[in-house]
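> here's my sequence, what's the structure:
(chains A and B)
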Amino acid sequence: MTTRQHDASVYEQVQASERFQELKRHFRSWTFPMTAAFLAWYLLYVVLSGWARDFMGIKVLGNINVGLILGLLQFVSTFWIAWAYSRHAEKKLDPIADEIRHEIEGRPE
Amino acid sequence: MSSQALSTVLFLLFVAATLGITFWASRQTKTAADYYAGGRSFSGVQNGLAIGGDYMSAASFLGIAGLIALYGYDGFLYSIGFLVAWLVALLLVAELMRNSGKFTMADVLAFRMSPRPVRTAAGVSTITVSIFYLLAQMVGAGALVGLLLGVTDPAAKAWTIVGVGVLMIVYVVVGGMKGTTWVQIVKAVLLMGGATLITLLVLGKYGFNLSGLMGEAAAQSSNPTTYTAGGGRYATEAQGLAGKLDLISLGLALVLGTAGLPHILIRFYTVPTAKDARKSVLWGIGIIGTFYLLTLVLGFGAAALVGSKTIAAQDAAGNTAAPQLAQAVGEAIFGEVGGTILLAIIAAVAFATILAVVAGLTLASSSSFSHDLYAHVFKRGNATEKEEVLVARISAFVIGAVSIGLGILAQGQNVAFLVALAFAVAASGNLPAILYSLFWKNFNTAGAVSAIYGGLVSALVLVIFSPVVSGKPTSLFPDANFAWFPLSNPGLLSIPIGFLAGWLGTKLSKEYNAAKYAEIEVRSLTGVGAEKAVEH
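This next block holds a predicted model:
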C-alpha cells in the first residue's frame, strides 16, 4: 500500500483528495446541468421559430409579438446565467481552488 | 467635404492611431509569451473589449443589421445564436483553457496525448477555420468599400483588399498579440460608440417606442407576416422541411462553434489568471449582447427610415443598411451635413471593424503554424523562443499574402457561407476535442485525432455536396449539380459525427495515462502551474 502511494504523483494525490473532489463536484454539478438547460432553451426557441410561426406571431404589446419577447428573454437568460455563474464561482469554486493551489505550490519538491 | 472624403480622413486617423500603438507594442514584445499572448498582462475589462472587437465582425455589424432590415425577425434570430454561444465558452472552456494551455488551442489538446499527431490535426484545423473566416472577411472588405466609396471598378476593389491585407500584416507581424489586442479594443469602443449613437437617434425619432418602430418597419416590408414572425430568410415556407432542418443546423453551429474558434480561444491566454479570463468573458457577453440589442434597433430603423427596396437596390444582401440608416437618420434630424457626417463615421467604423477581425484571424493561424506545426511537429519541441517568434512572423506574412491573393481571386463570389462553414468546422471538430480533453478521463490520442479530422472532413464534404456549392442559381457553381445533401449548413450532421468519431477513436485505442489525466484535471480546475504573466 505504501509503495503505491509513494509512486503516485502530487497531482494524483490531489486528485484523490476529498477537497479536490468537492471542488470538481461543485464545478460539474453547476455547469453541466446549466449547459444542458441553456442549450435546450435555445433549441426550443429555434424550433418554435421554425415550426410554430403562428404562435410566435401572436401580438402581446402593440406590435411586439411572442417571438420577439422569447428572443429578448434569450438575452435576459444569457446575462442572468453569466452573472449567476460568476457568483457561484466566486463563492463555491475560487476558495477551494485557491486553497489547493497554495497548498501544492507551497509543498517542498 | 463629401462623405467619402470625410470617412477616408476618419479611417486614416484610425489607421494612424493603431499603427502608432502597434509600433509602441512592438517595443514591448520581447519574449514568445509577449508575441503570442500579449505578455498575459491585459486586464479582464481590456480583454473583454478585445473579445468584442475580435468577435463582432463586419458580418455581424453590417450583415445582421442588413438581415433585420430586409427580413426582420430572421436576422434577430441569427444574432441570438452568436450571443448564447458565449455561455459555452464561459462555463466550460475559458478558465480551464487559461489554466492548462500556453499559446494555442493545441496546447490543451496535446496536454496528455502524443503531441505530434494531435498538434498536426489541431494546427490543420486552426489554419483551415481561420483562413475560411479570413477569406470571407477579405472579400467582404472589397465589396463593402466598393459600396461605401461608390467604387465599381474591380481593380479599385482589388487594391482595397491589398490595403486591408497589408495593414493587417503590419499589425500582426510588428505588434504581435499586444498590437492586435489594442487594435481590437479601439475598434470595440468605436463600434459600440457608433452603434449607440445611431440607435439613440433612431429611438429618439420614434419617441423610444420599439413597438411603433417595429410596426413601421414591418409595414414597409414586402411580407409583414414573415417580417415579424420569421420565415422571410431562413426556413421559408417554400423550402419545407429541409429549410426548417437547415435552421436548426445553423443554430447548432453558431451556438457550439464559438467556443471552438481558435482566434477566440487564444484571447483567454492574454490575461494573468483564470479569474481574469472569467471576467473578460463576462465583459465580452455584456458588450456583445448590448451590441446585438442595438443592432435590432438599427435593422428596424433602416427598414422604417430607408426602406427595404432602397436598401436591397444598393446591396441585395442588405450589407449597406447600417450606413444608409446613418445617413438617413442624420439628414432627418440634423439636415444634409448631419447625414454626411454620420455616414462617414459609420463607414469608418466598418473599416476599423474589418481590420480588427482579420488581424485576430491572421495572428491565430500564424501562431498555430509556428507553435504547433513548426516548433512541435517539425522541430519536435526543440525550437528556441526566438526561432518560434521569427517563424510566427514569417507565417503571418505568408498567410496574409495568400489571403490577399485568394481574396482578389474570389472577388464577386458569394463567399458569405465561409463564415458559417468556419463555425461548423469549429463546432464539429474543435469543440468535441476540447470538451473531451478537459472532461473525459479515457480520452486519448486516437480520440483527439478522430474528433478533429472527423468533424473537419465531414463538415467540408457535406458543404461541397450541398446547395451552397452546386445545383441552385445562388450556388458557387450554378451550372453544375452534384448536391445530394439538402442542407446548406452541415452542423446538424457533422457535429454529432465529430463527437461520435472522438468517442469511437478513444474506445478503439488502449492508450490511457492516469497521471497525465490527474495533472490536467487538477491544473485546469485549480490553476496550479498555470503560465504566469510576463514581468516587464
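> can you tell me the helix or strand for the most centrally placed residue in chain A?
For chain A, the residue nearest the mean C-alpha position is residue A:31 (2.2 Å; CA atoms, centre = their mean). Element membership for residue A:31, per DSSP states H and E: helix A:18-51.
> next, the buried residues of that helix.
Of the residues in helix A:18-51, A:20, A:23-24, A:26-27, A:30-31, A:34-35, A:38-39, A:41-42, A:45-46, A:48-50 count as buried by neighbour count, 16 or more other CB atoms under 10 Å in any protein chain shown. In short, each C-beta sits where N, CA and C put it, glycine included.
> let me see the mean pLDDT of it.
Helix A:18-51 shows a mean pLDDT of 97.
> before we move on, back to that, give the contact list for the closest residue to the residue nearest to the centre of chain A other than its chain neighbours.
Nearest non-adjacent residue to residue A:31, counting by CB to CB, 6 or more residues apart in numbering or on different chains: residue B:91, 4.3 Å away. Taking CB atoms under 8 Å, 6 or more residues apart in numbering or on different chains as the criterion, residue B:91 is in contact with A:31, A:34-35, A:81, A:85.
> per-residue pLDDT, residue 80?
Since no chain was named, I'll use chain A. pLDDT for residue A:80: 98.
> think we crossed wires, I meant chain B
For residue B:80, the model assigns a pLDDT of 95.
> so what's it closest to, chain neighbours aside?
Spatially, and ignoring its direct neighbours in sequence, residue B:80 is nearest to residue A:74 (4.9 Å; CB to CB, 6+ apart).
> how many residues are close by that neighbour?
22 (other CB atoms under 10 Å in any protein chain shown).
> next one: residue B:179
Residue B:179 has 28 nearby residues by other CB under 10 Å.
> would you confirm that it contacts residue B:26?
Yes: Residue B:179 is within contact range of residue B:26, at 6.7 Å (criterion: CB atoms under 8 Å).
> in the stretch 251-400 of chain B, which residue sits closest to chain A?
Relative to chain A, the nearest point of the stretch 251-400 of chain B is residue B:251 (4.1 Å; CB to the nearest CB).
> okay, angle between the host helix or strand of that residue and helix A:18-51 too, please.
Under the criterion of DSSP H and E, residue B:251 resides in helix B:240-257. Computed with axes from the mean of the first three to the mean of the last three CA atoms, to 10 degrees, the direction of helix B:240-257 lies at 150 degrees from that of helix A:18-51.
> packing partners for helix B:240-257?
For helix B:240-257, the packing partners by 3 or more CB pairs under 8 Å, 6 or more residues apart in numbering or on different chains; DSSP states H and E come out as helix A:18-51, helix B:73-88, helix B:417-425, helix B:491-508.
> do the helix or strand that the last one is followed by and chain A meet?
What it means is helix B:491-508. Using DSSP H and E, the helix or strand that follows helix B:491-508 in sequence is helix B:514-526. Yes: using CB under 8 Å from any CB of the partner chain, helix B:514-526 comes into contact with chain A via B:514-515, B:518-519, B:521-523, B:525-526.
> kindly provide the whole-number mean pLDDT of helix B:514-526.
Here helix B:514-526 scores 94 as its mean pLDDT.
> need the helices for the stretch 1-150 of chain B, in chain order.
Listed in chain order, the helices of the stretch 1-150 of chain B (DSSP state H, counting those that start in this stretch) span B:3-28, B:32-37, B:44-55, B:58, B:65-71, B:73-88, B:94-100, B:105-109, B:115-149.
> would you single out the least confident of these?
Of all the helices of the stretch 1-150 of chain B, the minimum mean pLDDT falls on helix B:58 (a mean of 78).
> work out the gap between that helix and the centre of the chain.
9 Å (CA atoms, centre = their mean, to the nearest Å).
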